[in-house]
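J.: pasting the structure only:
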């Protein structure tokens with residue numbers, strides 16, 4: 001299932017779910033303590049996954065102040081904050097939060113509050129008053145954005161549903177052995193309806209009759225008028241093609257993203273950090289150099305914020321803007337970038353100013369696996385390095401091999417097996433060199449095209465009477 005969010009004609013968010021992961025964010029698990037590593041500020045918990053879950057040490061101590069912290073095998077309730085990624089286990093918390101349409105219930109946290117996305121003071125005061133009224137039984141509540149304009153009865157109904165969910169989780173936790181999954185969040189179509197559908201949405205279009213029915217049933221239970229915004233797509237053209245989303249999605253995989261002015265951004269990702277490099281490229285305009293640079297930087301700031309959301313990039317992020325001389329332009333650029341970042345859901349930290357070299361450093365929280373990584377795998381040609389040995393270099397390596405073998409190749413047959421791109425280069429550009437070796441050593445060279453061969457792997461088989469020798473160049 002795929003969900004695309006468009007704003008002002010542009011793709012701004014993208015979600016995908018195949019149903020393969022049991023440890024997606026929000027999952028509540030009865031886990032078992034494996035080890036406490038104070039030097040790593042970490043507690044490792046068996047949650048039934050391939051890798052142990054990671055729980056911050058402070059989180060652990062705050063949630064269990066009266067228990068023996070060194071008790072191996074201690075059972076505890078945890079919730080997934082970040083799903084497992086690569087060799088890293090899931091990041092966990094003991095502060096359980098169960099989301100509803102209008103509220104978030106926090107069974108272990110005695111507090112109440114209002115979503116930080118609600119900006120207007122008048123709305124915040126009104127909703128905070130409601131939150132205070134809903135705060136009972138020592139369980140915390142957070143009033144969500146969708147609560148704006150709703151009456152207290154609707155919120156109380158949502159709270160009652162959440163409390164029933166928590167009761168079922170508690171009951172199950174007492175009857176099962178750890179590790180065991182106690183509760184998983186709703187499927188993607190319902191989560192997106194719950195979390196995204198509000199008054200700011202003009203249309204909520206679904207191309208699956210089954211998902212359409214489930215969404216309408218969910219909204220009917222919540223007694224909201226927003227149900228009229230949900231529409232079933234019936235066109236014979238696939239929905240993502242009709243709305244030009246399939247084409248926009250390609251930008252998720254590109255290393256280079258072009259700007260309207262002619263400039264471009266180069267995105268390089270490593271395991272530790274992501275770097276955005278801004279370039280003026282083929283910019284054409286009548287502005288002075290400083291104005292042109294400022295315009296390109298502003299365009300890139302908007303696009304970088306969009307790509308961070310689309311790709312769900314997390315960790316350390318370095319942005320290399322084009323150097324600007326005027327401090328006023330630098331300040332304006334930072335303000336613009338902050339405004340764009342606030343549109344996303346992820347938490348972030350941004351350094352207060354650009355470095356003297358025009359670098360901006362930030363960190364961004366990521367709850368799910370990088371979107372692009374869900375679609376790609378390690379390249380069999382470059383073996384994940386991002387580059388391959390060139391055909392000219394491989395030819396030079398092969399000629400060196402011929403020289404090294406010398407007279408041992410007399411009267412032999414040599415078969416070269418290579419990727420077609422490399423094989424064609426050997427045949428065309430290496431023709432004279434190979435023909436010279438054949439005449440010199442009275443040998444025969446045969447070149448075989450093999451599409452399954454990695455680009456930088458050249459296999460050489462030497463046939464000498466009854467002896468066959470296979471080597472790799």
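T.: Ah, there it is. The structure presented is a predicted model; accordingly, all values stated were derived computationally and were not measured. Numbering: from 1, shown residues only.

J.: residue contacts, residue 422?
T.: Neighbouring residues of residue 422 by Cβ atoms under 8 Å, 6 or more residues apart in numbering: 391, 394, 453, 455, 458. Every residue, glycine included, has its C-beta placed from N, CA and C.

J.: sorry, wrong one. I was asking about residue 169.
T.: 28, 98, 182-183.

J.: redo these as a markdown table? Include pLDDT, secondary structure and distance to residue 280.
T.: Below are the contacts of residue 169 laid out as a markdown table (pLDDT from 0 to 100; DSSP: H, G, I helix; E, B strand; the rest coil; distance: Cβ to Cβ, whole Å):
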| residue | pLDDT | secondary structure | distance to residue 280 |
| --- | --- | --- | --- |
| 28 | 96 | strand | 50 |
| 98 | 96 | strand | 49 |
| 182 | 96 | strand | 54 |
| 183 | 95 | strand | 51 |
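
J.: and which of those residues is nearest to residue 197?
T.: Using Cβ to Cβ, the shortest approach to residue 197 within those belongs to residue 98, at 19.0 Å.

J.: correct me, but the closest one touches residue 104?
T.: Yes: in this structure residue 98 lies within contact range of residue 104 using Cβ atoms under 8 Å: 6.9 Å.

J.: may I see the buried residues of stretch 3-23?
T.: Under the neighbour-count criterion of 16 or more other Cβ atoms under 10 Å, stretch 3-23 has 3-5, 11-15, 17, 21, 23 buried.

J.: in the stretch 351-473 of the chain, which spans are strands?
T.: Counting by DSSP state E, counting those that start in this stretch, residue ranges of the strands within the stretch 351-473 of the chain are 359-364, 413-418, 444-449, 459-464, 467-472.

J.: how far does stretch 308-316 sit from the chain's center?
T.: The chain centre lies 6 Å from the centre of stretch 308-316; the measure is Cα atoms, centre = their mean, to the nearest Å.

J.: same check, this time on stretch 73-80
T.: Chain-centre distance of stretch 73-80: 26 Å, with Cα atoms, centre = their mean.

J.: low-confidence bits of the stretch 251-400 of the chain, can you list those?
T.: 282-288, 367-377, 383-384 (pLDDT under 70).

J.: quick revisit: what's the farthest-apart pair in the contacts of residue 422?
T.: Longest span within these, Cβ to Cβ: 391 and 453, 12.5 Å.

J.: what about residue 258, distance to residue 98?
T.: 43 Å (Cβ to Cβ, to the nearest Å).

J.: so for these two, which residue has more residues nearby?
T.: residue 98 (21 against 14; other Cβ atoms under 10 Å).

J.: backbone phi and psi for the nearest residue to the more buried one once chain neighbours are set aside, please?
T.: Leaving aside its sequence neighbours, residue 98 sits nearest to residue 105 (Cβ to Cβ, 6 or more residues apart in numbering; 4.7 Å). Dihedral angles phi and psi of residue 105 (degrees, to the nearest 10) take the values phi -100, psi 130.

J.: tell me the pLDDT of residue 105.
T.: As predicted, residue 105 sits at a pLDDT of 95.

J.: who does it form a beta bridge with?
T.: Residue 105 has the following beta-bridge partners by DSSP bridges: residue 98, residue 141.

J.: helices of the stretch 101-250 of the chain, residue ranges please.
T.: Using DSSP state H, counting those that start in this stretch, the helices of the stretch 101-250 of the chain run over 121-134, 152-173, 188-196, 209-221, 239-242, 245-249.

J.: among the ones you listed, which comes closest to residue 366?
T.: Nearest to residue 366, of all those, is helix 188-196, at 16.8 Å by Cβ to Cβ.

J.: average pLDDT for that closest one?
T.: 92.

J.: which other helices and strands contact it?
T.: Under the contact criterion of 3 or more Cβ pairs under 8 Å, 6 or more residues apart in numbering; DSSP states H and E, helix 188-196 touches strand 2-7, strand 204-206, helix 209-221.

J.: and the shortest one, what's buried?
T.: Looking back up the chat, that one is strand 204-206. For strand 204-206, a neighbour-count test (16+ other Cβ under 10 Å) marks 204, 206 as buried.

J.: most tightly surrounded among the helices of the stretch 101-250 of the chain?
T.: helix 188-196 (a mean of 19; mean count of other Cβ atoms under 10 Å).

J.: quick one: that one to chain centroid distance?
T.: Worked out by Cα atoms, centre = their mean, helix 188-196 lies 18 Å from the chain centre.

J.: neighbouring contacts of that helix?
T.: Under Cβ under 8 Å, 6+ apart, the answer for helix 188-196 is 1, 3, 5, 15, 17, 99-101, 146, 185-186, 204, 206, 208, 211, 214-215, 218-219, 230.

J.: mind doing that once more with 6 Å?
T.: 1, 3, 17, 101, 211, 215, 218 (Cβ atoms under 6 Å, 6 or more residues apart in numbering).

J.: let me know the closest of those residues to residue 407.
T.: For these, the nearest to residue 407 is residue 17 (63.7 Å; Cβ to Cβ).

J.: wait, what's in contact with the closest one?
T.: Residue 17 touches 1, 188, counting by Cβ under 6 Å, 6+ apart.

J.: tell me the phi and psi of it?
T.: When read as degrees, to the nearest 10, the backbone of residue 17 gives phi -150, psi 130.

J.: roughly how far does it sit from residue 175?
T.: Counting by Cβ to Cβ, the gap from residue 17 to residue 175 is 29 Å.

J.: how deep is residue 31 tucked in, by neighbour count?
T.: Neighbours of residue 31 (other Cβ under 10 Å): 28.

J.: which one of the strands of the stretch 351-473 of the chain lies closest to residue 426?
T.: Closest approach to residue 426 among those is made by strand 444-449 (5.6 Å; Cβ to Cβ).

J.: give me the buried positions along that closest one.
T.: Buried, per 16+ other Cβ under 10 Å, within strand 444-449: 445, 447.

J.: what does stretch 337-346 give?
T.: Residues of stretch 337-346 classed as buried: 337, 340-341, 344 (neighbour count, 16+ other Cβ under 10 Å).
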